[in-house]
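Q: Mind looking at a prediction? Sequence and model below.
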Amino acid sequence: MNDDSTTINAYQYNRGKEHLYDHSGFVVLPGESPIRTIFDATCTSYLYQPKTEHARVVNLLETTLEDQVYSKPNYPENYWLRIKSNREVLNGIMHKLNQEFGYVKAKQEDATDLVYLLFGSEESGLCKVTFPDAFPTTAPLVYKFDLDNIRFRKLLESSDWNSDGSLVLNTFNYIVEMATKVIEPNEECHE
């Protein structure tokens, strides 16, 4: 290794046993990284441009999306997405967020199997919304990426949550209201 190279190693930690870990690996897919694409679009003042013009990948398995093995998502008992019509609601929310912000990606937490969405634009920055166990009775949780501390901060919940009527529209409107509100420097947010 020399001064012009970077080494990345993957480790998998288990909750409650952080001092123990397993070595893991990476699978490299061809094409642009969706995470880097949204980061480049939303965090323009924090971009680091590598000195290396062309990356040289060593000892990594390369594959295609067609060769990947997919499994059906596993949701917790009584989670709202266990019902097919609610998965259609999630698709509707994602469609509207994509129209509004230009980027949306669904993810699932490894530890809890709860679903969250990453979305954003250059104007709004990178945001995240999670759907807790009690959704839609309780509001989704909306987070904004804090560039100063390089982490997501949960925005305080609004009292305007309403699950009556169109769940797609009500959820979309709530998320947009939360994601586009201006946070004052002294405004309280949760970690």
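A: Everything's here; your move.
Q: CA atoms for contacts and neighbours, from now on please.
A: OK.
Q: quick one: residue 33 from residue 40, how far?
A: Going from residue 33 to residue 40 by C-alpha to C-alpha, to the nearest Å gives 10 Å.
Q: Looking at these two, which is more packed in?
A: Neighbours per residue (other C-alpha atoms under 10 Å) separate residue 33 from residue 40, with residue 40 holding more: 15 against 11.
Q: pLDDT of the helix or strand containing that one, averaged?
A: Assigned by DSSP states H and E, residue 40 belongs to helix 34-42. Mean pLDDT, helix 34-42: 76.
Q: Could you list the residues in contact with it?
A: Helix 34-42 is contacted by residues 47, 103, 120-126 when judged by C-alpha atoms under 8 Å, 6 or more residues apart in numbering.
Q: What count of nearby residues applies to residue 97?
A: 22.
Q: Does it touch residue 117 like I think?
A: No. Residue 97 lies out of contact with residue 117 (C-alpha atoms under 8 Å); the separation is 9.6 Å.
Q: could you measure the closest residue to residue 128 other than its chain neighbours against residue 144, distance?
A: Take residue 128 and drop its neighbours on the chain: the residue closest to it by C-alpha to C-alpha, 6 or more residues apart in numbering is residue 118, 4.6 Å away. Distance, residue 118 to residue 144, by C-alpha to C-alpha: 10 Å.
Q: And these two? Which one has more around it.
A: For residue 118 versus residue 144, neighbours defined as other C-alpha under 10 Å are more numerous around residue 144 (24 against 20).
Q: quick one: the closest residue to that one other than its chain neighbours and residue 97, what's the gap?
A: Of all residues not flanking residue 144 in the chain, residue 127 sits nearest, at 4.5 Å (C-alpha to C-alpha, 6+ apart). According to C-alpha to C-alpha, residue 127 and residue 97 sit 11 Å apart.
Q: and the next element down the chain from the lowest-mean-pLDDT helix or strand in the chain?
A: Lowest by mean pLDDT, DSSP states H and E among the helices and strands of the chain is strand 61-62, with a mean of 58. Beyond strand 61-62 on the C-terminal side, the first helix or strand identified by DSSP H and E is helix 84-101.
Q: Show me which residues of that following helix are buried.
A: 86, 89-90, 92-98, 101 (16 or more other C-alpha atoms under 10 Å).
Q: could you dump the residues you listed to CSV with pLDDT and distance to residue 113?
A: Shown next, in CSV, are those (pLDDT from 0 to 100; distance: C-alpha to C-alpha, whole Å):
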residue, pLDDT, distance to residue 113
86, 90, 16
89, 92, 18
90, 93, 15
92, 93, 20
93, 94, 19
94, 93, 18
95, 92, 22
96, 93, 23
97, 93, 22
98, 90, 23
101, 89, 25
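Q: Tell me the one of the residues you listed nearest residue 109?
A: Closest approach between the buried residues of helix 84-101 and residue 109, by C-alpha to C-alpha: residue 90, at 15.9 Å.
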